[in-house]
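Asks: One predicted model, sequence on top.
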Amino acid sequence: MIIEFLQTDGLAFGIDLGLALLIFFVGRFAVRMLVRMISKGMQKNNVDKTLEKFICNLVNSALLIIVIIAAIGQVGIQTTAFIAIFGAAGLAVGLALQGSLSNFASGVLIILFRPYKVGDFVEAAGITGTVEQVQIMTTVFKTGDNKQVIVPNSQIMDSIITNYSANDTRRVDMVIGVSYDDDLDKVRKTLEEIIAADDRVLKDPPPKIAVSELAESSVNFIVRSWVATADYSAVKWDMTEAIKKRFD
């Protein structure tokens, strides 16, 4: 009876053990290959190195746990308790690090979708400045008055992002008011001369000058000209001064 038990159950256990080892080694090899593919994909898309290593380690650990549980289950050991323990631990860690995980997830999205990059002048989460660093948890800005502002990534992703550096050109919009007694044709010609005299103003698209509003005490002209993004502020300030002097 004992011999028969050993022959039947021992053989079955040996088969299960062999299958468990096969599941473990094949699963570990498959996990390694998958992680390698993910790493190469991130390198092709120029994903930040820190993010690449973190995600690869996270995927590797999660999949290895699944492989180990599957191998243990093949031997006949109940895996329900293991799954419950891992689930409870994951829930506890998630609740404790809820804010940090939100910032991390937002940092991943920023790095992947690139709404801005280092050197861009942007407005986000109530901050306007130049992006100095894009980190996993935060983004570092330098404001126009040379202050360093560190903003959590979750706040940025929850706000509207305006990237003033995204395109090579920007349109300078100005509203110029003149008296109802002024010669509108002369005003238009003067504005055209001022724009033509500035070499930074692009010829294509052409500038636009038009009467936009008959206001209570002035006739308002709208003046629109296209410039390189880097010249935007300087052109607007210089043109405002030039218009005032010429009109005088």
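Replies: That came through, no problem.
Asks: Just the element for the residue nearest to residue 197 when sequence neighbours are not counted, please.
Replies: Distances taken as Cβ to Cβ, 6 or more residues apart in numbering put residue 242 closest to residue 197, at 7.7 Å, once the chain neighbours are dropped. Using the backbone N, CA and C atoms, a C-beta is placed for each residue, glycine as well. Take DSSP states H and E as the rule and residue 242 turns out to sit in helix 232-247.
Asks: And residue 55, by the same measure?
Replies: Residue 55 belongs to helix 49-75, assigned by DSSP H and E.
Asks: can you pull the buried residues of that helix?
Replies: Using 16 or more other Cβ atoms under 10 Å as the test for burial, helix 49-75 gives 51-52, 55-56, 60, 63-64, 67-69, 71-74.
Asks: do the same with stretch 171-181
Replies: Buried residues in stretch 171-181, counted by 16+ other Cβ under 10 Å: 172, 174, 176, 178.
Asks: Columns secondary structure and distance to residue 111 on top of those, output as CSV?
Replies: Output for these, formatted as CSV (DSSP: H, G, I helix; E, B strand; the rest coil; distance: Cβ to Cβ, whole Å):
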residue, secondary structure, distance to residue 111
172, strand, 32
174, strand, 37
176, strand, 43
178, strand, 50
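Asks: Just the C-alpha atoms of the strand or helix carrying residue 132, please, in CSV.
Replies: Element membership for residue 132 (DSSP H and E) is strand 127-134. Written as CSV, here are the backbone C-alpha positions of strand 127-134 (Å, rounded to 0.1, in the frame of the first residue of the first chain):
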residue,chain,number,x,y,z
ILE,A,127,3.7,79.7,-12.9
THR,A,128,5.2,81.4,-15.9
GLY,A,129,8.8,80.8,-16.6
THR,A,130,11.5,78.8,-18.4
VAL,A,131,11.7,75.1,-17.7
GLU,A,132,15.1,74.2,-16.1
GLN,A,133,14.6,70.6,-15.2
VAL,A,134,11.9,67.9,-15.8
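Asks: and the helix or strand following that strand with strand 127-134, angle?
Replies: Helices and strands here follow DSSP H and E; after strand 127-134, the next one along the chain is strand 138-142. Angle of strand 138-142 versus strand 127-134, following axes from the mean of the first three to the mean of the last three Cα atoms, to 10 degrees, is 120 degrees.
Asks: Give me the residues contacting strand 138-142.
Replies: Strand 138-142 is contacted by residues 103, 107, 110, 122, 124, 127, 129-134, 148-153, 156 when judged by Cβ atoms under 8 Å, 6 or more residues apart in numbering.
Asks: try 6 Å this time
Replies: Contacts to strand 138-142, defined as Cβ atoms under 6 Å, 6 or more residues apart in numbering, come from residues 127, 129, 130, 132, 133, 148, 149, 150, 151, 152, 156.
Asks: Same question for the helix or strand following that strand: list its buried residues.
Replies: Reading on from strand 138-142 to the C-terminus, the next helix or strand found by DSSP H and E is strand 148-152. With burial defined by 16+ other Cβ under 10 Å, the residues of strand 148-152 counted as buried are 149, 151, 152.
Asks: now stretch 20-37
Replies: Of the residues in stretch 20-37, 20, 23, 24, 27, 28, 31, 35 count as buried by neighbour count, 16+ other Cβ under 10 Å.
Asks: Tabulate the contacts of strand 138-142 (TSV), appending distance to residue 228 and pLDDT.
Replies: As requested, those are exported to TSV (distance: Cβ to Cβ, whole Å; pLDDT from 0 to 100):
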residue	distance to residue 228	pLDDT
127	24	95
129	20	96
130	17	95
132	22	92
133	26	88
148	27	96
149	27	96
150	30	96
151	28	96
152	33	93
156	27	95
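Asks: For the residue nearest in space to the middle of the chain, which residues are in contact?
Replies: Against the mean C-alpha coordinate of the chain, by Cα atoms, centre = their mean, the closest residue is residue 110 at 2.0 Å. Neighbour list for residue 110: residue 153 [criterion: Cβ under 6 Å, 6+ apart].
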